[in-house]
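Asks: Give me a 3D structure for the following:
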Amino acid sequence: MIREAEAKEYAKDLEVLLAETDEILANTEQNLVLLEKAPSDSALLQELFRAMHTLKGGAATLGLEEAVSVCHGMETVLDEVRTGQRSVTSEMMNGLFKVLDWLKDWRNAIGEGAEGPPASGILPVVEALQICPSPSEGPQSNVPLKWPETCEKLPAKGAAGALTASLEALVSQGNPVYVLTVRFRTDAPLLSVRCFQVLTLVEEVAEVAGSSPSLEDIENDKASDALTLYVVGEKESEQAQRIAATVQDVVEVSVRRYTVNTTIAGASSPDKKPEIRVEKTALGKTVRVDVALLDSLMNMVGELVIDRTRLSQIAARLMSNSETAAVGSEISSLASHLQRTSSELQDGLMRARLLPLKSIVGKFPRMVRDLSRRCGKETVFSMTGESTEMDRTVLEAIDDPLIHLLRNAVDHGIEMPDERERLGKPKAGNIRLSAWYEDNQILVRVEDDGAGMDPERIRRTAVKKGLITEEASRKLSEQEICELVFLPGLSTASETTEVSGRGVGMDVARQNLERVNGRIELWTRPGEGTQVTLRLPLTLSIMRALLVKCADEVYAIPTSSVEEIFSLKDQSIGSVRGKQAMKVRDRIVPLVSLKGVLSDSPWQRDGSRYALLTRTQAQPVALGVEELLGEEEIVVKELRGLLSRVRGVAGATILAEGDPAVILDINRIL
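Replies: As a prediction, this is how the structure comes out:
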């Protein structure tokens, strides 16, 4: 039972360590990239040093010695740089990045329940960085975090009275005794280890008559931020003071002569009651919550949203009758209060699901750096709007697309340095990632000042690969040709490289965005560069939708997919290349009916009274519907099993009347 409890406690501690490690490694990677550009930035060096120190302490508490030794190596070299003993070189940076990669592999392994890679695999890099200075190099050296294999134990002198008698006997025999007080940082991890290090080192140069806390207490992890040693000999006490100061986390070392009237640390005076010191525990202001719990709570709030709408409708019906108007008024007031409360609860839960963009972009500076070097190019990568928050699911969906876009920017967009100079451009190409809010959407953009896209080359490649006919390709505009890059398997790269060129990037990016009701927009100009913009919803759980009727069935269409609504009786409908179309101001857009799309039947004017101007990935399309039922806030219900694979269905919802309705994915059905 005890072992089971210990195992649960260990698993809990490991979970906390993994979460902290993810944050530490992400920040460290980003800071190492910055350090390469600003090697003398003291604040950066201090933050990097502190990160490795924190990770080392966390790993040590769980006995993960492999990571402790590697972190100690990183910590040592960073300490030498920040204290001016060494300078940052490109070789050092490459070595630090390799060590960081080892730490990533280690974290992934222990997260999966494995032991992790052996430190021996990274030791050659550690040795090349010279992260193990000998003690002779000065008192700044850190003592290794390990227990000595052999140690002569002191007699347990936990009882203050017994220790006092022993010390008085030494003094009476003419032996000078000194009180060595060592204070550690109050927030230092592994205080028991630090105390043992001091005690062991001091014993090498002096006789230690006793300690407080005792050796037994130290070994039982009952240490505090202060250690008192009783050292025999004046010269020995001076040596002990100097050597104790070299131990990590020590902030103060003091020495004073012991006399028979000296109060032993931990002893209580018979005339004075011991002071009871109670420190208030500082609790964190944040807690970690399982995402599954947030999803469950959001579903419950969704039910509340449905109930409050139904309650409002019931109140409206009651108020329309003079006999029940009073009851209807009370219910209406209750519904209004429920609406305010549920809206606040809904907003709070939605905010709890939000994560900043910086949660996933921390790895991008390193990635762009490595890709640029591999391609022989020079780039300057910048990011803005990293604090922009979005739903966790949306954030996960754009991770891979952003990786593809940045790879393309480096491999296909930015020219070689000599070519850029020949064109009158700066030798280093600019790649920028930015994010911001716009209306009820989040926009994330990747742009570069590279070569841009060649429409003619894209057209020829699409025809050659059979993705479009020669005749059809000749009818497309330059913008429409460039958007052919979103077709599966289209790549204009002359050869496949490790970076890109397999034609599996842009189509995957679009599919990922469609799954979260987002869309991707492309702008490019030969010789000037390329912009790819991701338009994303603020949340996926609750959305505004337009309810329409088709063949006596109600469907929900996200309002983010609808630009305008027209009455078909006021529009002239014609035929372009054998297909129905309508004129919207100065442009001609295809016209299809929802009934026809769902049943694969040709367009029929009868029944469709309204046209919704929708924006698909390719072009605007007018969608004919029979009836508009209004706009409503709906709760998105995820479909499972076979229904989840139905093309054009984004989910389902329960309407205020209690009836189900299908949520349509405009990008998939048109």
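
Asks: residue ranges with poor pLDDT in the stretch 51-200 of the chain?
Replies: Applying pLDDT under 70 to the stretch 51-200 of the chain flags the ranges 123, 126-127, 130-163, 189.

Asks: all helices for it, in order.
Replies: Here the stretch 51-200 of the chain has its helices, by DSSP state H, counting those that start in this stretch, at 65-82, 90-111, 123-128, 160-172, 191-205.

Asks: If you count neighbours, what's buried in the helix or strand where Arg460 lies?
Replies: Assessed by DSSP states H and E, Arg460 sits inside helix 455-464. Going by neighbour count (16 or more other CB atoms under 10 Å), the buried part of helix 455-464 is Pro455, Ile458, Arg459, Thr461, Ala462, Val463. Just so you know, the C-beta spots here come from the backbone N, C-alpha and C atoms, and that holds for glycine as well.

Asks: what does the domain assignment say about this structure?
Replies: Residue ranges for each domain of the chain read 2-133, 160-257, 294-353, 356-537, 542-669, as given by automatic domain parsing.

Asks: Show me which of the buried residues of helix 455-464 is closest to Thr259.
Replies: Ile458 (90.8 Å; CB to CB).

Asks: mind checking how far the closest one is from Lys465?
Replies: Going from Ile458 to Lys465 by CB to CB, to the nearest Å gives 11 Å.

Asks: any common contacting residues for these two?
Replies: Common neighbours of Ile458 and Lys465 (criterion: CB atoms under 8 Å, 6 or more residues apart in numbering): Leu490.

Asks: quick one on the thing from earlier: what average pLDDT does the helix holding Arg460 get?
Replies: In this model, helix 455-464 carries a mean pLDDT of 90.

Asks: continuing past it, what's the next helix or strand?
Replies: helix 470-474.

Asks: Let me know the next secondary structure element after that following helix.
Replies: helix 478-482.

Asks: Packing partners of that next one?
Replies: The contact analysis (3 or more CB pairs under 8 Å, 6 or more residues apart in numbering; DSSP states H and E) places helix 478-482 against helix 455-464, strand 519-525.

Asks: Give me the buried positions along the next helix or strand after it.
Replies: Sequence-wise, the next helix or strand downstream of helix 478-482 (DSSP H and E) is helix 506-515. The neighbour-count check on helix 506-515 (16+ other CB under 10 Å) flags Met506, Asp507, Val508, Ala509, Arg510, Gln511, Asn512, Leu513, Glu514 as buried.

Asks: Please apply the same query to stretch 59-78.
Replies: Judged by neighbour count (16+ other CB under 10 Å), stretch 59-78 contains these buried residues: 59-60, 64, 66-78.

Asks: Please, where are all the strands along the stretch 551-670 of the chain?
Replies: 553-558, 562-567, 573-576, 579-584, 587-593, 610-615, 620-625, 627-635, 649-654, 660-664 (DSSP state E, counting those that start in this stretch).

Asks: Quick check: which of these is nearest to Glu238?
Replies: Nearest to Glu238, of the strands of the stretch 551-670 of the chain and by CB to CB, is strand 627-635 at 74.4 Å.

Asks: Describe which strands the closest one pairs with in its sheet and in which direction.
Replies: If you go by DSSP bridges, strand 627-635 pairs up with strand 542-550 (antiparallel).

Asks: if we can go back for a sec, tell me the one of the buried residues of stretch 59-78 nearest Val251?
Replies: So of the buried residues of stretch 59-78, ranked by how close each gets to Val251 (CB to CB), first place is Glu75, at 17.5 Å.

Asks: show me what contacts Tyr178?
Replies: So Tyr178 contacts Tyr230, Val231, Val232, Gly233, Glu234, Ser237, Val255, Arg256, Arg257, Tyr258 (CB under 8 Å, 6+ apart).

Asks: Residues in a beta bridge with it, which ones?
Replies: With DSSP bridges as the rule, Tyr178 is bridged to Val231, Arg257.

Asks: which of the residues in the longest helix along the chain are buried?
Replies: Counting residues, the longest helix in the chain under DSSP state H turns out to be helix 2-37. Residues 14, 17, 21, 24-26, 28-33, 35-36 are the ones in helix 2-37 that count as buried (16+ other CB under 10 Å).

Asks: could I get these as CSV with distance to Trp102 and pLDDT?
Replies: Listed next are the buried residues of helix 2-37 as CSV, based on distance: CB to CB, whole Å; pLDDT from 0 to 100:
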residue, distance to Trp102, pLDDT
Leu14, 19, 84
Leu17, 17, 84
Thr21, 13, 88
Ile24, 14, 89
Leu25, 11, 89
Ala26, 16, 87
Thr28, 12, 89
Glu29, 13, 89
Gln30, 18, 86
Asn31, 17, 88
Leu32, 14, 90
Val33, 17, 89
Leu35, 18, 89
Glu36, 19, 86
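
Asks: Which one of these is nearest to Ala315?
Replies: Checking the buried residues of helix 2-37 one by one against Ala315 (CB to CB), the nearest turns out to be Ala26, at 50.7 Å.

Asks: isn't that closest one right next to Pro365, touching?
Replies: No. If you go by CB atoms under 8 Å, Ala26 and Pro365 don't touch, sitting 10.9 Å apart.

Asks: Pretty sure Leu484 sits against Leu467.
Replies: Yes. Leu484 is within contact range of Leu467, at 6.9 Å (criterion: CB under 8 Å).

Asks: Overlap in contacts, these two.
Replies: Leu490.

Asks: more crowded one of the two?
Replies: Neighbour count, other CB atoms under 10 Å: between Leu484 and Leu467, Leu484 has more, with 20 against 15.

Asks: what's the distance between the closest residue to the more buried one other than its chain neighbours and Ala209?
Replies: Closest residue in space to Leu484, ignoring its immediate chain neighbours: Ala462 at 4.8 Å, by CB to CB, 6 or more residues apart in numbering. Ala462 sits 87 Å away from Ala209, going by CB to CB.

Asks: Need the helices and strands packed on helix 478-482 in JSON lines (columns: distance to Ala119).
Replies: Converted to JSON lines, the helices and strands packed on helix 478-482 look like this (distance: least, CB to CB, whole Å):
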{"stretch": "helix 455-464", "distance to Ala119": "48"}
{"stretch": "strand 519-525", "distance to Ala119": "43"}
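
Asks: so which of the ones you listed gets nearest Leu100?
Replies: Nearest to Leu100, of these and by CB to CB, is strand 519-525 at 31.9 Å.

Asks: tell me which strands and helices the closest one is in contact with?
Replies: Partner elements for strand 519-525 (3+ CB pairs under 8 Å, 6+ apart): helix 478-482, helix 506-515, strand 529-537.

Asks: can you redo the ones you listed as a markdown table with distance to Leu598?
Replies: Supplementary listing: these in a markdown table, determined by distance: least, CB to CB, whole Å:
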| stretch | distance to Leu598 |
| --- | --- |
| helix 478-482 | 26 |
| helix 506-515 | 18 |
| strand 529-537 | 24 |
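
Asks: For these, which has the smallest mean pLDDT value?
Replies: Looking at the helices and strands packed on strand 519-525, the weakest mean confidence is helix 506-515, a mean of 82.

Asks: what angle sits between it and strand 529-537?
Replies: 20 degrees (axes from the mean of the first three to the mean of the last three CA atoms, to 10 degrees).

Asks: Report the backbone C-alpha coordinates of helix 506-515 in CSV.
Replies: Output in CSV follows, covering the C-alpha atoms of helix 506-515 (Å, rounded to 0.1, in the frame of the first residue of the first chain):
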residue,chain,number,x,y,z
MET,A,506,0.0,23.2,-48.9
ASP,A,507,-2.8,20.7,-49.4
VAL,A,508,-2.3,19.4,-45.8
ALA,A,509,-2.3,23.0,-44.6
ARG,A,510,-5.6,23.6,-46.2
GLN,A,511,-7.2,20.4,-44.9
ASN,A,512,-6.0,21.1,-41.3
LEU,A,513,-7.6,24.6,-41.5
GLU,A,514,-10.9,23.3,-42.9
ARG,A,515,-11.2,20.9,-40.0
